[in-house]
Structure formats: structure tokens, C-alpha cells
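Asker: below are the sequence and a predicted model for it; my questions follow.
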Amino acid sequence: MAQVSRYYDVKRGPDGHRYLSVKVTGFSLLHIPLLNKSTGFTPEERRFLGLEGLVPPHTSTFEEQKQRTYQRYLQQVTDLDKHEFMRALQDRNEVLFYGILADHLEELLPILYTPTVGEAVRVFSHIYRYPRGLSVSTLDVERVDEMLDNVPLDDVRMIVATDSSAILGIGDQGFGGMAISIGKLSLYTAAGGVGPDKTLPVELDVGTNRQDLIDDPLYLGVHHTRLTGPAYDEFLDSFVEAVSSRYPKAIIQWEDFARGTAFHVLNRYRKVIPSFNDDIQGTGAMALSGLISAARLKGETLQDQVFVVVGAGAGGIGVAGMIRSGLMRAGLNATEAAARVYVVDRFGLLMHGQSLEDHQLSFAKTPADIGGWDVAGEWPSLYETVKASGATALLGLSGVPGLFNQPVVEALHANTERPIIFPLSNPTANVEAQPADVLRWTDGAAIVASGSPFADVEFGGRTYPIGQGNNAFIFPGLGFGAIISRAREITDGMIMAAAETLADETALHGERVYPPIADIRAVSLKVAVRVARQAIFEGVAAERRVRNLTDDELAAFVERRFWRPHYLPLRKADDAQMLL
Ligand SMILES: O=C([O-])CC(=O)C(=O)O
Ligand SMILES: [Mg+2]
């Protein structure tokens, strides 16, 4: 079978069961998190792998290990403590980490992912303990192929790479962005079924424009301002080229790139290496899906709505573009679709005459588009846009807390009985409005979803679940579907398939705009199957084994490949193969 790591091969015994043939024994073996079972090594493994005396006498079952570790987890005080505790576990024993994550997914997602991961990003240099992933920096990018050779994994399929220029809604975070790559990839495994030995988090350290980071002696990234222009492109070219040669089957998820680079990077590489941008396309697909579901709850369709998207960075423009695609798929022509989408940025409504980036231009309105509007300043404000456009749906990707204030929300409500309001900025502190406030200001009429997790809201004797409109409902399944089909490219059709699958799955849950987060694994499986199907349909699936499968067979194929946390037996490899 395939060699997946320098330290072991996955093999199948005569009984058909898989085992790991390990090329490392003893103390060294205990320090490889993908192999370490700690107290879980069987007496035979202890004997033949030179572990006797190095681990306690009693062999714990997996259940006992999970229980022991989870009890300690519960004693951690702050969310950041909990995050650090779990990350330390991940760096000691990955199967146990994923075992606990699988058992407590809903509880642990906000700890390992949004919002706590935002805190971990901020303090990453100060809580750093153990290496994980690949750091490429301006100090060594010309040796990136050698650096990739140092990575002990030989069959990486999924890479999350960030240059940390716009992490969540909290901006430039320099080297700390590594934490988001790690967090996203743990979801790829926990929700998306991608084996942890197939994943590689990457920090592309091109510098930071944060003087406080540069001045911090404990800061672990390179201490200079960001590369820009041709030097930046060359840096990324080197990375992409090296990845393609070391990992020809890998997919790259571009994460948290700032508005100036996100579209540029996506377009530069999407035909060079299968890749997508999570904030443009993942967030776009997630938002479109929620809007389809919200329109359904109103007893209307997507085409009945008028949309105001706030924020014109990767997320905002990605969402606005995906709404336009959704409207066209529903039958509108390009002009009709464009007329239903308004994008508002820090200066107000996007309009020609402002200094706009290329990807923003197609959303800019002309004076004729806003003829007859009541506008006090140079450009229509958010409030004026909501009021005059007849908007029925308001989406926040601005990173600006509190932007959806009572007058804005009331203006939206005046246009429609049931306003759709999605304050999607992450983490929690950056949310454009508190869901409870939105429900209060609209007397319970609003259909609300947020990017970060919020508790159910009690209002007027009713309980309103707040759907979590997070791209976590899209990327694990999108990536897994692309991996399974070995997609040569992540096409717009595959992104649309992911959005529609999420909407279909949500429809099974009644009065919701997103499924409960507890269902994320089941949803990701469905997304993966439909994405793989779409890749086959569009002729971009390089994996021959999936091309002629029926839907049921494809679903079974995906299900069989879904990685689950349990220990495989370890056996010592032939003496000639031993490394340590
Ligand atoms: O990470 C998240 O929670 C969603 C996301 O991509 C972002 O906000 O940038
Ligand atoms: Mg992101």
C-alpha cells in the first residue's frame, strides 16, 4: 500500500486488516504524534517496539484514555487554556485527539476553531510549544523544496496555506496565522474525513506590517514588513512549484488573504494547482446556501430578495459574487442579477468613481442605478443603501462590530416582513450585531445567522436557534470531494454543488438556515459526494475508480475513505528499513 510517511507504511495483513509497519521504535516512536498510543500500546507492541519500561504498566483502553484526557480538559479554566490543552494533545497523540474531538465535536469546535482560534492566532508566538506544519519565510523561500523534503509526510493531499494578511476579521497577524491553518485542517479530519497524515498546515511568512509584532522580541516570524509586488509573487510561485513536485496530488486551500492579494493569488494559481480560496469561495457558498434556506423559510425564492453585502474584502466580494451566480442559476440574466446585489464598504456603497480593485469593479453602481435615492454625503451610506434599495437581506463581512445598529436593522425590516440578517464576521467580538438585539429590534421577525457560534435566543416566549453561517460547512466536504475524485481543478460548478448540497441538507432540519453544528460530519459527507460527482461530470476527475460509479456507489466509496480515529496495530518493519 501507499507510503504515507517516512516513519511508517500502511499495510494490510493476510487477514485483510490494516496495520502500520513502523520504521522507528523506542523513545523516538513515542514522540511521533501520528504513531504514539502512549498508555494504549498493547503488551505485544511494547515488547516488539522497545517500549517496555517507557510507558506505565497498565494498558489503557481507548475509552479509558479518552476519559482520562477529557476529564483533565474539563478542568482547564479559560477557552484559550482549553485550546492549548487540546493542541498539546494533538502534538502528542493525534488519534486520541481526534477520538475526543469526535465524541465532543460541538463542544470542541469553538475551542479549536472559531472563535478561540482567533485568540490563539493573536498570542501564537507566546504559546508556541511544538512544531506542526511547514513555515516558509523570506529567510529561506529559495530552499522551499528542501524544506518540503524535511516534512516526514509523503502523501499530503490537503494543504491550508495563509499569508496571515487578513485573519478572520482581525487583520494582519504575521506568523500567528499558522494557528488558523492548523485549526482548519483539524476540521478537515474531524468533519471532512481527511486522514491527519494527509494534511499539512502552512504559514507563508512574507513579513508583517504590524509594528507591535516586529518590535516584540518573542515574535516568531520574520521581523520585517510584508513583501509586495513581484517579490511576493516570486515567493508564492516558489511555494506552489515546490508543492506540485513533492505532492502532485495535493490541493491548496488559500486562507485569510487580504483584499489586495486574495483574488490575485486565487486567479494566478487555480489552473496551476487544484486550489480554492476559503474566504471567497467557501464563505460565498456557505452564504448562498443560507440565503436559499432563508428565502424558503419566508415562503419566497432567492430571486425575490434584494441583497446588501457589507465589506468588500475577500469574504464580501466572494459572497456578493456567489449570490449573483445563484440568482443566475435560478434564471435571472446577468443584468437582473447584478441589480439585486449592493456592496457597501467603508466609504459607503461601491460606486464607479471610487478607487476600486478589479474584483470590486463589477459590483460598482452608477449614478443612474441610484437615481432618486436620498443621499446626504458623497456616497450612499449603509443606512441609505438599505433604505433606498428596498433590501430584504443584509450580510456582514466587514469585521466591524456593531455596524448593524438599530436604525439599519429597522430600515431593513421596513422593506420586508421577515428580514434576513447574517452578521457573519468572525470571531465573536467582531460580529456586526448581536443576534439577540436583531431579534428584539425586529420583534422576532428576522431570520438570523452568524459566522461565529451563538447560543439560542429566547425572545417573546420562543426559542430561536442561531444558525452558524461558517465556511466550516463547506470546506471540509469540498476538499474531501476534490481529493476523492482527484480533481485537477476546483471549478465554480463544484463550489455551487457544495452550496446547493448544504441548502438541501438544511431543508431536512425544518426552521433553520444552517444545520446544527453537531451534524457537520454528516453534512460534509454529503457535500463531498456531490462535489466529487460534479468533478466527474465536468471531466476534471483524474481518479478513474470513481468515474463510472452510481450515486450510491460513489457515496459508499466516499464513506469508506472517511478517516476515523482508532488505533491501528503497529508492527516493526524489516530491519533494513529501520530509521531509528
Ligand atoms: O475561520 C472562520 O471561522 C471562517 C473564515 O474563514 C473567516 O472568518 O475568515
Ligand atoms: Mg478565513
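Answerer: Thanks, I have the structure now. Ligands and ions are numbered 1, 2, ... in the order given.
Asker: so what touches stretch 262-271?
Answerer: The contact list for stretch 262-271 (Cβ atoms under 8 Å, 6 or more residues apart in numbering) reads 166, 233, 236, 240, 252, 254, 257, 275-277, 279-281, 313-314, 317, 357-359, 489-490. To be clear about C-beta, it is placed using only N, CA and C from the backbone, and glycine gets the same treatment.
Asker: for PyMOL, write the select line for the buried members of those residues.
Answerer: Of the contacts of stretch 262-271, the buried ones can be selected in PyMOL as follows, counting by 16 or more other Cβ atoms under 10 Å:
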select buried, resi 166+236+240+252+254+257+275+276+277+279+280+281+313+314+317+359+489+490
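Asker: and the contacts of stretch 262-271 near ligand 1, which?
Answerer: Among the contacts of stretch 262-271, the residues lying close to ligand 1 (Cβ under 6 Å from any ligand atom) are D279.
Asker: mind checking which of the contacts of stretch 262-271 land in strands?
Answerer: The strands, defined by DSSP state E, take in 252, 254, 275-277 from these.
Asker: strands along the stretch 101-250 of the chain, start to end?
Answerer: Applying DSSP state E, counting those that start in this stretch to the stretch 101-250 of the chain gives strands spanning 134-137, 158-162, 199-205.
Asker: out of these, nearest to L291?
Answerer: Among those, strand 158-162 comes nearest to L291, with 26.0 Å by Cβ to Cβ.
Asker: I'd like to know which elements the closest one is packed against.
Answerer: In terms of contacts (3 or more Cβ pairs under 8 Å, 6 or more residues apart in numbering; DSSP states H and E), strand 158-162 is packed against helix 178-190, strand 199-205, strand 251-255.
Asker: name the residues of the stretch 351-500 of the chain found near ligand 1, please.
Answerer: So far as Cβ under 6 Å from any ligand atom goes, the stretch 351-500 of the chain lies against ligand 1 at 426, 451, 470-471.
Asker: could you pull out the helices in the stretch 451-580 of the chain for me?
Answerer: Using DSSP state H, counting those that start in this stretch, the helices of the stretch 451-580 of the chain run over 475-485, 492-507, 520-537, 544-547, 551-561.
Asker: meant to ask about the stretch 51-200 of the chain, not that
Answerer: For the stretch 51-200 of the chain, the helices defined by DSSP H, counting those that start in this stretch cover 62-74, 79-92, 94-103, 105-112, 116-122, 124-127, 144-150, 178-190.
Asker: just flag the most distant two among the ones in strands among the contacts of stretch 262-271.
Answerer: Checking these with Cβ to Cβ, the most distant pair is I252 and N277, at 9.5 Å.
Asker: I'd say L187 and G477 touch.
Answerer: No. If you go by Cβ atoms under 8 Å, L187 and G477 don't touch, sitting 10.5 Å apart.
Asker: who touches stretch 16-24?
Answerer: Contacts of stretch 16-24 (Cβ under 8 Å, 6+ apart): 1, 6-13, 29, 32, 35, 49, 568-573, 577-580.
Asker: which of these count as buried?
Answerer: Buried subset of the contacts of stretch 16-24 (neighbour count, 16+ other Cβ under 10 Å): 6-10, 29, 32, 35, 49, 570-573.
Asker: which of the residues you listed lies closest to ligand 1?
Answerer: Nearest to ligand 1 among these is I32, at 28.6 Å by Cβ to the nearest ligand atom.
Asker: check contacts around the closest one.
Answerer: Counting by Cβ under 8 Å, 6+ apart, I32 makes contact with 7, 24.
Asker: state the distance from it to K23.
Answerer: 10 Å (Cβ to Cβ, to the nearest Å).
Asker: run a quick neighbour tally on the residue of the stretch 101-250 of the chain found nearest ligand 1.
Answerer: Here the stretch 101-250 of the chain gets closest to ligand 1 at one residue, T114, 3.3 Å apart by Cβ to the nearest ligand atom. The number of residues packed near T114 is 23, by other Cβ atoms under 10 Å.
Asker: so who does it touch?
Answerer: Contact partners of T114, counting by Cβ under 8 Å, 6+ apart, are 168, 183, 426-427, 451-453, 470, 472.
Asker: name the nearest residue to V243, ignoring sequence neighbours.
Answerer: In space, and not counting its chain neighbours, V243 is closest to A250: 5.8 Å by Cβ to Cβ, 6 or more residues apart in numbering.
Asker: tell me where the stretch 301-450 of the chain has strands.
Answerer: 307-310, 341-345, 348-349, 393-396, 420-423, 447-450.
Asker: now tabulate those in CSV and tack on mean neighbour count and mean pLDDT.
Answerer: Output for the strands of the stretch 301-450 of the chain, formatted as CSV (neighbours: other Cβ atoms under 10 Å; pLDDT from 0 to 100):
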stretch, mean neighbour count, mean pLDDT
strand 307-310, 26, 98
strand 341-345, 25, 98
strand 348-349, 22, 98
strand 393-396, 30, 98
strand 420-423, 29, 98
strand 447-450, 26, 98
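Asker: tabulate the ones you listed (CSV), appending distance to ligand 2.
Answerer: Putting the strands of the stretch 301-450 of the chain into CSV (distance: least, Cβ to the ion, whole Å) gives the following:
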stretch, distance to ligand 2
strand 307-310, 16
strand 341-345, 18
strand 348-349, 25
strand 393-396, 15
strand 420-423, 16
strand 447-450, 15
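Asker: can I get those strands in a markdown table with distance to A179?
Answerer: Below are these laid out as a markdown table (distance: least, Cβ to Cβ, whole Å):
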| stretch | distance to A179 |
| --- | --- |
| strand 307-310 | 27 |
| strand 341-345 | 28 |
| strand 348-349 | 34 |
| strand 393-396 | 24 |
| strand 420-423 | 24 |
| strand 447-450 | 21 |
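Asker: what does the stretch 251-400 of the chain put close to ligand 2?
Answerer: Within the stretch 251-400 of the chain, the residues that sit near ligand 2 (Cβ under 5 Å from the ion) are 256, 279.
Asker: where does the stretch 251-400 of the chain have low pLDDT?
Answerer: Within the stretch 251-400 of the chain, no stretch has pLDDT under 70.
Asker: before we move on, what about the chain?
Answerer: 1-2.
Asker: ok, which residues in it are in contact with ligand 2?
Answerer: Close to ligand 2, as judged by Cβ under 5 Å from the ion, the chain has residues 256, 279.
Asker: quick one, what contacts the closest residue to ligand 2 within the stretch 101-250 of the chain?
Answerer: Ranking the residues of the stretch 101-250 of the chain by distance to ligand 2 (Cβ to the ion) places L168 first, at 6.0 Å. Contacts for L168 (Cβ under 8 Å, 6+ apart) come out as 114, 118, 121, 180, 256, 399, 425-427, 430.
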